[in-house]
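>>> Take this sequence and fold it.
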Amino acid sequence: MVIATALYRGSHLVAGGVVVAQHQRDRLFPWLALSAAIASTALIWFMAARHRRLVPWVVGLDVLVIGCLLPFGAYAWGGARTQESVAWVMLLGGSASAMAAVAFGARLLAVAVALLVATHLAGYLMVEADAAVTGAHLNALVFSAVVSWVLTWYLCRQGEQVDSANRRALAAEAQRARFAERVAHHNALHDTVLATLTAIARGGVDANTSMMRERCAREAAYLRRLVEQADDREPASELRAALEESVRAAEALGLRVTARYHEPPAVPGEIALAMARATTEALNNVRCHAGTGHAFLTATGDSGRLVVTVVDRGRGFDTGSAGPEGAGGAAGPGDAGGPAGPDDAGGAAGPGDAGGAAGPRASGGPEGPVGPARQATGGIGLDRSVYARMRGVGGRAFVDSAPGEGVRVELRWPG
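Presented below is the predicted three-dimensional model:
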């Protein structure tokens with residue numbers, strides 16, 4: 001409606017300009033009146049563009065000056081003594097009435113239209129216009145406001161209905177997503193926790209074996225993450241869902257993973273996928289080469305940057321023999337001598353929980369064999385599945401380790 005009323009006023013200004021140029025070009029006041037109408041219109045649309053709506057006080061000023069006072073000025077100083085000479089000024093009142101219908105409420109609109117009708121009736125009476133001309137103009141004046149008000153009401157109502165439909169669609173989509181998530185959790189619980197408890201309850205397995213204890217520990221970690229996710233106020237993000245897939249894949253192969261999420265920022269789907277695949281490879285390296293059955297994963301935000309960290313307390317390796325990205329400048333924050341457990345990434349519980357030891361750079365760790373870990377770091381796994389994946393999406397990977405002190409893999413996006 002803002003654009004429609006702008007075009008309506010523009011048509012009246014064009015008509016006024018033609019009349020002044022052809023019949024009143026020798027008089028000063030008609031040019032001043034036309035300039036005032038153009039200036040008032042420009043102010044209205046400047047304020048409308050700034051506020052994204054017609055500003056009531058500016059429209060009210062236009063109604064008073066251009067709609068109500070200008071006809072009297074044309075009569076008093078413009079030499080308008082006939083209905084033809086004053087008609088172009090009267091036209092501007094119609095567009096003022098239309099703009100008032102868009103900008104004002106019902107009561108203020110009624111007052112504005114009443115003022116316009118009274119002043120225009122007086123103006124036509126002063127020039128002794130025909131009754132038919134006067135009646136037609138007043139009819140156009142009133143119905144310009146009525147039509148604009150009806151169209152504005154209809155468009156606003158349609159917009160509200162569209163917004164309501166969008167809200168219902170979003171609510172239905174969220175409900176479907178929650179249902180799908182519940183089904184996925186139900187299936188996971190049925191295949192893991194429920195199966196284990198059922199086997200123990202029936203006496204089919206010995207609950208005191210190391211294998212069964214490890215399995216119970218993995219499933220307890222899964223339940224803990226599930227409870228934490230249910231307590232979150234925000235719905236699970238695409239990143240969190242992708243990382244959970246990586247964690248469950250590692251746990252299915254026998255690795256126990258303690259995962260913590262501390263408000264990681266939302267990232268595009270391709271970034272979440274690349275992060276999850278790099279995390280999967282880091283967890284695979286822990287399972288295959290670290291000599292430990294437990295890894296720690298944290299995901300957090302750092303000044304808008306996503307940071308995912310995988311830490312183990314296994315045998316570690318010498319980063320000096322790890323290749324160009326695994327050593328020196330590409331080793332993560334832990335290379336400055338500070339302890340680096342998962343707590344570095346946002347306060348998540350990490351390997352230091354049990355006794356204050358921090359991570360791969362913890363001092364005083366025993367030295368162990370390093371052969372298998374060197375092969376994993378310098379080989380295809382980290383080079384192609386971690387470093388290359390992170391470079392491909394504009395991120396970076398850092399590896400920090402020392403013999404006997406575990407490994408810390410940190411993934412950052414953007415790099």
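>>> sec struct for Leu411, please.
Recorded secondary structure, Leu411: strand (DSSP: H, G, I helix; E, B strand; the rest coil).
>>> what sits against it?
Taking Cβ atoms under 8 Å, 6 or more residues apart in numbering, we find Leu411 in contact with 275, 278-279, 282, 307-310, 386, 390, 395-397. To be clear about C-beta, it is placed using only N, CA and C from the backbone, and glycine gets the same treatment.
>>> Give me the phi and psi angles of the nearest residue in space to Gly301 that is not next to it in sequence.
Distances taken as Cβ to Cβ, 6 or more residues apart in numbering place Pro265 nearest to Gly301, at 4.5 Å, with adjacent residues excluded. Pro265 adopts backbone torsions of phi -70, psi 160, taken as degrees, to the nearest 10.
>>> So what's the residue count around Pro265?
When neighbours are counted by other Cβ atoms under 10 Å, Pro265 registers 16.
>>> Look at it and report its pLDDT.
The predicted local distance difference test score for Pro265 is 86.
>>> Which residues are in contact with it?
With contacts taken as Cβ under 8 Å, 6+ apart, Pro265 has the following neighbours: 301, 304-306.
>>> Kindly report the same for Met126.
Taking Cβ under 8 Å, 6+ apart as the definition, contacts of Met126 comprise Tyr75.
>>> same deal with the one 4 residues further on?
Contacts for Asp130 were tallied using Cβ under 8 Å, 6+ apart; they are Gln83.
>>> same thing but 10 Å
83, 124, 136 (Cβ atoms under 10 Å, 6 or more residues apart in numbering).
>>> for Arg215, same thing?
For Arg215, the contact set (Cβ under 10 Å, 6+ apart) comprises 192-193, 195-196, 199, 205, 207, 209, 251, 254, 256.
>>> so it sits in a helix?
Yes: assessed by three-state DSSP, Arg215 belongs to a helix.
>>> Please report how far it lies from Arg313.
Arg215 sits 21 Å away from Arg313, going by Cβ to Cβ, to the nearest Å.
>>> what does Ala397 give?
Taken as Cβ to Cβ, the span from Ala397 to Arg313 is 20 Å.
>>> if we can go back for a sec, top of the contacts of Pro265 by neighbour count?
Sorting the contacts of Pro265 by how many neighbours each has (other Cβ under 10 Å) puts Leu306 first, at 21 neighbours.
>>> nearest residue to it other than its sequence neighbours?
For Leu306, the spatially nearest residue (Cβ to Cβ, 6+ apart) is Trp413, at 4.8 Å.
>>> ok, that neighbour - how many residues close by?
For Trp413, the count of nearby residues is 23 (other Cβ under 10 Å).
>>> my read: it touches Leu273, true?
No: here Trp413 lies out of contact with Leu273, judged by Cβ atoms under 10 Å, at a distance of 11.6 Å.
>>> quick one: the helices in the stretch 201-350 of the chain?
Along the stretch 201-350 of the chain, the stretches classed as helices by DSSP state H, counting those that start in this stretch are 210-231, 238-252, 269-289.
>>> give the contact list for the residue nearest to Leu306.
With Cβ under 10 Å, 6+ apart, Trp413 has these contacts: 239, 265, 267-268, 271-272, 274-275, 278, 305-308, 390, 393-397.
>>> The same query, at a cut-off of 7 Å, please.
The contact partners of Trp413, taken as Cβ atoms under 7 Å, 6 or more residues apart in numbering, are 267, 271, 275, 305-306, 393-395.
>>> Kindly report the same for Ala217.
Residues Arg256 are the ones in contact with Ala217 under the rule Cβ under 7 Å, 6+ apart.
>>> What is the neighbour count of Met178?
Heads up, residue 178 is Arg, not Met. Neighbour tally, Arg178, other Cβ under 10 Å: 12.
>>> my bad, Arg53
13.
>>> any idea how far it lies from Ser40?
In this structure, Arg53 and Ser40 are 17 Å apart, going by Cβ to Cβ.
>>> how about the host helix or strand of Thr198: buried residues?
Secondary structure assigned from DSSP states H and E places Thr198 in helix 193-201. Going by neighbour count (16 or more other Cβ atoms under 10 Å), the buried part of helix 193-201 is 193, 196.
>>> Name the residues that touch it?
If you take Cβ under 7 Å, 6+ apart as the criterion, helix 193-201 is touched by 205, 207, 215-216, 219, 223.
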